[in-house]
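Trainee: just the structure for this:
(chains A, B and C)
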Amino acid sequence: MGLMRIDLLSRRRLLQSASALVASTALPAWSRAQEAKGGGRLVVAADSEPKNLNPAIVASNGVFFIASKVVEPLAEASYTAPGGLAPRLATAWDGSVDGLSVTFRLRDGVKWHDGKDFTSADVAYSAMNVWKPLQNLGRVVFANLLAVDTPDPLTAVFRFSKPTPLQLIRNALPAVSSVIPKHVFEGTDIAKNPANLNLVGTGPFRFAEYRPGEYYRLTRNADYWGKDEPKLDEIIYRILPDRAGAAAALEAEEIHLAAFSAVPLSDLDRISKVPGIQVVTKGYEALTYQLVVEINHRRKELSDLKVRQAIAHAINRKFVIDTIFVGYATASTGPVPKNAPEFYDPEVASYPFDTRKANALLDEAGYPKGTDGVRFSLKLRPAPYFNETKQFGYYLRQALAAIGIEATLGNADAAAHQVAVYTDHDFDLAVGPPVFRGDPAISTTILVQSGLPSGVPFSNQGGYENKALDSVIAKAAETIDAEARTEFYRQFQKIVAADLPLINVAEWGFITVARDTVLNVPDNPRWAVSNWADTALRS
Amino acid sequence: MRPVRLIFGTTEGAIGAVLLSLLVLIALFAPVLSPGDPLDIAGPPLLHPFSMARLPLGTDSLGRDVLAGIIHGTRTSLTVGLAAAFAAIALGVCIGLAAGFSGGLVDEALMRVVDAFQILPGFLLALALVSVAGASLPVVVLAIALGAWAAPARLMRAQVLSIRERDYVAAARVTGMHPLEIAVKEILPNALPPVLTLAAVIVAAAILTESALSFLGLGDPNIVTWGTMIAEGRNVLRSAPFLSVLPGLALVVTVITVYLVGEGVTQALAEGKAGQVDRQGPTA
Amino acid sequence: MTAALRLIRRRLATSIPVLLIVIVLTFVLLEFSSGDAVDAYLISIGGGDPAVAANLRHAYGLDQSHLARLWLYLSSLARLDFGWSVAFERPVADLIVERLPNTLLLMGSATALAFGLGTSLGIVAGARPESATDRVISTVSLILYAIPGFWLGLVLSIVFAVKLRWLPSAGLETIASGRTGSARMLDIAMHLALPVGTLAVIYMALFMRVMRASMAEVWRLDFVTFARAKGLSRRRIVLRHVARNALLPLVTMLGLQSAAMLGGSVVIESIFAIPGFGRLAQEAVTQRDTPLLLGIILTSAVLVIVVNLLLDLVYALLDPRLQPSDRSA
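Mentor: Here you go, the predicted structure:
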């Protein structure tokens, strides 16, 4: 059903872009101007208010959702552009053969919202002073960045101390390369600069107003470099803290759009039948979340591969997909999602649902059922961030009971969960939702790599140690040749699936629900966190 | 068995007592009425009521039996309500007795603590405590009790103050009884009844507070609670309203029951007292 | 008047230790909890390494001992400085000034409505105890009392905002509408109708039941029998004598309720997306923002103290022992 919807949508999109094409080429200039003037105010549901809205410092989806319309990256993910990467502030990029430098050609004629020119100095400043030292993801990707040379205002050359794969840089660009104005930040305490909230960027929208607890307001940037863009006059992010609020507000026509599955999955079937409302499943392909069972290998029973295999066999992925995700997810085979075809390798060890086999494995491992049918007891901590991780917790508890493992669920809020799992290691099993960010090196290998200090969220805190796996990860990190590097990540997937440092259960993208007056909704694989320059409202 | 007869003497008390016995029976025999773990997935998801004989009230979005949830939820609600009320009253009685009996600086200090707890918004305190300590049944009970013990403490102290000047206490003092013995043997039994009438209100409020905490996602995930059922049913409030309506009704009936029993007890006590000489002023 | 002044002075003297206890309690609650502001922040941005965490802890002052932090807080509080909210990166005082009026508006209207309706219904019911009217009012109010607020809020919102579309489903006012003056007031009133209605219905039941019970008590008192013997009309007895005296316990209850109300607003503010104190407090807890939670609790505690003081003064004015109510008869 999900697939059919995508087909219908893409056909509609095709028609829309076809008519847009006609409008932009065949009509006289005055008419084109009118077309672009369409305008209108788009009201969108938001459920959080990031205290730091600067995407150059905080590369997170919560921040991008708002800030990506104001502050732009060097390049953005794309369905159609070569290599899946479309130019934004950079128009071309090229890596040196030795992997020690990457040269970016920058877009000409771009102005900051305060009227100053955008130049390579801004890129150099952002990279050296913000991305590398301050940004949560940039600290990993740009760890070996030595300097950024600016031979001319439109060229920026990134120089690295160690060979750095262009493949990684390319894949990371949409998330890590938001450029902020040097003239606003230089000489100030970057972390405390007021422009972290009152954003100054080059994007299609200007930051206009923030009413805490109520809304953010962005207005059209008339000087935007994109031709005839943006289409909208205003975007309002209306803060609706209650999860069920978005659906009601959509139906009452108080908002136009709710992204990131703000409308609960279980309500989609109903709301898709409401006239005037569309359910959109595209637009999150590059923002894949993974449902993962994290394992504490310090626990004797769980350090036994047979026990981990038994747990993997005890999980009915079909039930998880069909019931918990109401069909809006895919079963995982390993640590790299299917949505990353560049790296994805389906030829890995698999664990079909088989309770009998799981029980046999546990018997083999030497954990027979006691008189009460229980082999041993575990502490299970589902992450509280998503309804689905909590529901999977309920399910896993029952699935484990079926193979004689008694699990007690914990219910802690975000901060307490973070400390319990990633700092204090006070768990046996945890359910986590890590994100695959386009390249395994950004936030995926860290989930299984050993030797990490404690206290790092979404990392291997289960005490798992596998020298062979560590060495594959290390080699991939410094391999320049894309093909060879990809091969290492294939090995990586095979080892993880075979040795089960953690169990990948499912992977999902979010769902957007919008009034059908909103046009051009899913036009790139990071749509919700992209610039929305061509999003429009039908009057 | 005079008090029981008195409770049944009032309409409210009679209805309440019957309903409460019913609820207690359901709670006690939950494992018999609905064997197995009520959190287990028992059938296809979102089954509407009366569509399958095995699952008469349907299933939730995971496929858990709604009837089993409601039956076992009775246990949780009554347990939380009674345990929280017991803890609150026990704490309140101890503090109130200590304050009223010792007087002076101890009294002053204890009463400032009571003031502080009465000023703190109870629900906010419970929310904060459960958030930071993790949602498990004992923590929820403790959190609710902490927000509810101030009123019984205050009432207890007032009772103690009025009783400790009476003749029989003075007599006990003259005979050289140990102060602690006087407090426990002479004052406590006489001061307790009015404090106990607060129990019903505290139980009812505790049940509602527990459900509101669960609604905010702060329920113990290892047991069924009506609040959690409502919270999870809310996502499908429009397409499967029974998922929030049925546990909601159970909650309303339980709270009404507890309240009615409380009214009955209060009236019974008032009538019992009307027979005696009224020792206090008319407006006290 | 001197009695009133004495009351105020005594209250002020006792409230300082009370506020201190409140501060220490709140401080201990958040400071010794699992996870701190940095943990909460790192989770919200999807991760971070230990160096980032250490820098943030230093910047937030979380690397100091608990006692040092408590002392720091108290000494800045002595200078009337509420501190800095790490969750919002703004002064706590600003946040409080911004959100308090919304909550006061919400709670004030709900309480006024609940008090007015509750007492009136209580008088109607209590005028003829055990009559059919009394039974109906009592039963309905009992059911309303038992309905969880969040549940009522959800249902009302679906009926009136989604189905009928008479009222907006969320928010305090229409976003960036540019309305001013009476148009804006009307807009805010429309937005507050559902949350205020929900809260008022729940509290009304409570006031009604207390009023009725209190009237039943007063009916039994001597001076009512006296008034009856004097041959006064029933209407006059009910309003002038019974209701007036029965109002006293309600005034006391209003004071006790004022503390509970702030807690009750957490869920309602969240369902109806009202940027008020309750929601702010909830965020302070999830973000482990100790100064913010302390600021909120402290402000609400002061408010409760002031409200109770005012009510005590009102009580003194109403008390029949100071001012006999049958004076006008």
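Trainee: going forward, measure contacts between C-alpha atoms and count neighbours the same way
Mentor: OK.
Trainee: stretch B:95-113 - what's its average pLDDT?
Mentor: Average pLDDT, stretch B:95-113: 91.
Trainee: pLDDT weak spots in the stretch 51-200 of chain B?
Mentor: Applying pLDDT under 70 to the stretch 51-200 of chain B flags no residue at all.
Trainee: ok, 80 please
Mentor: B:165, B:167 (pLDDT under 80).
Trainee: residues from it in reach of chain A?
Mentor: By the rule Cα under 8 Å from any Cα of the partner chain, the part of the stretch 51-200 of chain B lying against chain A is B:61-62, B:131-136.
Trainee: go again with 7 Å.
Mentor: Neighbours of chain A within the stretch 51-200 of chain B, by Cα under 7 Å from any Cα of the partner chain: B:62, B:131-132, B:134-135.
Trainee: neighbour-wise, which one of the residues you listed leads?
Mentor: Using other Cα atoms under 10 Å in any protein chain shown as the neighbour test, those are led by B:S131, with 29 neighbours.
Trainee: is chain B contacted by the longest helix belonging to chain C?
Mentor: Determined from DSSP state H, the single longest helix within chain C is helix C:181-219. No - contact of helix C:181-219 with chain B (Cα under 7 Å from any Cα) is absent, the minimum separation being 8.5 Å.
Trainee: buried set for that helix?
Mentor: By 16 or more other Cα atoms under 10 Å in any protein chain shown, the buried positions in helix C:181-219 come out as C:187, C:189-219.
Trainee: do stretch B:102-112 as well
Mentor: Within stretch B:102-112, the residues scored as buried using 16+ other Cα under 10 Å are B:107, B:110-112.
Trainee: hang on, A:F207 in a helix?
Mentor: No - A:F207 is assigned strand when assessed by DSSP: H, G, I helix; E, B strand; the rest coil, not a helix.
Trainee: is it correct that it is in contact with A:L199?
Mentor: Yes - A:F207 lies in contact with A:L199 (Cα atoms under 7 Å); the separation is 5.8 Å.
Trainee: okay, the two: which has more neighbours?
Mentor: A:F207 (25 against 22).
Trainee: show me the contacts for the more buried one.
Mentor: Listed by Cα atoms under 7 Å, 6 or more residues apart in numbering or on different chains, the contact partners of A:F207 are A:70, A:198-199, A:217-219.
Trainee: and those as TSV, adding secondary structure, distance to chain C and pLDDT?
Mentor: As requested, the contacts of A:F207 are exported to TSV (DSSP: H, G, I helix; E, B strand; the rest coil; distance: Cα to the nearest Cα, whole Å; pLDDT from 0 to 100):
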residue	secondary structure	distance to chain C	pLDDT
A:V70	coil	19	97
A:N198	coil	13	94
A:L199	coil	15	96
A:R217	strand	8	96
A:L218	strand	11	97
A:T219	strand	12	96
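Trainee: which one of those has the most neighbours?
Mentor: Neighbour count (other Cα under 10 Å) singles out A:V70 as the most crowded of the contacts of A:F207, with 28 neighbours.
Trainee: direction included, what does the one helix or strand A:A156 maps to pair up with?
Mentor: Taking DSSP states H and E as the criterion, the element that holds A:A156 is strand A:155-160. Using DSSP bridges, the strands paired with strand A:155-160 are strand A:101-106 (antiparallel), strand A:145-152 (antiparallel).
Trainee: any idea which helix or strand comes after it?
Mentor: helix A:166-176.
Trainee: wait, does that next one contact chain C?
Mentor: No - Helix A:166-176 is not in contact with chain C by Cα under 7 Å from any Cα; minimum separation 12.5 Å.
Trainee: state the mean pLDDT of whichever helix or strand comes after that helix.
Mentor: Per DSSP H and E, the first helix or strand lying C-terminal to helix A:166-176 is helix A:182-185. For helix A:182-185, mean pLDDT rounds to 96.
Trainee: swap in stretch C:84-93?
Mentor: On average, stretch C:84-93 scores 90.
Trainee: for A:F392, see how far away B:L216 is.
Mentor: From B:L216 across to A:F392, the span is 18 Å (Cα to Cα, to the nearest Å).
Trainee: cool, B:A90 as well?
Mentor: Shown here: B:A90 relative to A:F392, a distance of 39 Å by Cα to Cα.
Trainee: again, but for A:G410
Mentor: Remark: distance between A:G410 and A:F392 (Cα to Cα) = 13 Å.
Trainee: same question for B:V141.
Mentor: Taken as Cα to Cα, the span from B:V141 to A:F392 is 26 Å.
Trainee: can you name the residues that contact the closest residue to A:Y464 other than its chain neighbours?
Mentor: The shortest distance from A:Y464 to any non-neighbouring residue, by Cα to Cα, 6 or more residues apart in numbering or on different chains, is to A:H297 (5.6 Å). Contact analysis of A:H297 by Cα under 7 Å, 6+ apart lists A:303, A:462-464.
Trainee: tell me the pLDDT at the closest residue to A:I324 other than its chain neighbours?
Mentor: Spatial nearest neighbour of A:I324, excluding adjacent residues (Cα to Cα, 6+ apart): A:E388 at 6.2 Å. What the model reports for A:E388 is a pLDDT of 94.
Trainee: kindly report the residues of the stretch 151-300 of chain C close to chain B.
Mentor: Within the stretch 151-300 of chain C, the positions adjacent to chain B are C:259-260, C:262-264, C:285 by Cα under 7 Å from any Cα.
Trainee: poorly predicted segments of the stretch 51-200 of chain C, please.
Mentor: For the stretch 51-200 of chain C, the stretches flagged by pLDDT under 80 are C:129, C:175-178.
Trainee: nearest to chain B: which residue in it?
Mentor: As assessed by Cα to the nearest Cα, chain B sits closest to C:A146 within the stretch 51-200 of chain C, at 5.0 Å.
Trainee: related to what we said a few turns ago, chain center to the helix or strand hosting the residue nearest to A:I324, what's the gap?
Mentor: Taking DSSP H and E as the criterion, A:E388 maps to helix A:387-401. With Cα atoms, centre = their mean, to the nearest Å as the basis, helix A:387-401 stands 23 Å off its chain's centre.
Trainee: how about the strands in chain C?
Mentor: With strands called from DSSP state E, chain C shows them at C:84-85, C:90-91.
Trainee: winner for burial among those?
Mentor: Across the strands of chain C, averaging neighbours per residue (mean count of other Cα atoms under 10 Å in any protein chain shown) puts strand C:84-85 on top, at a mean of 21.
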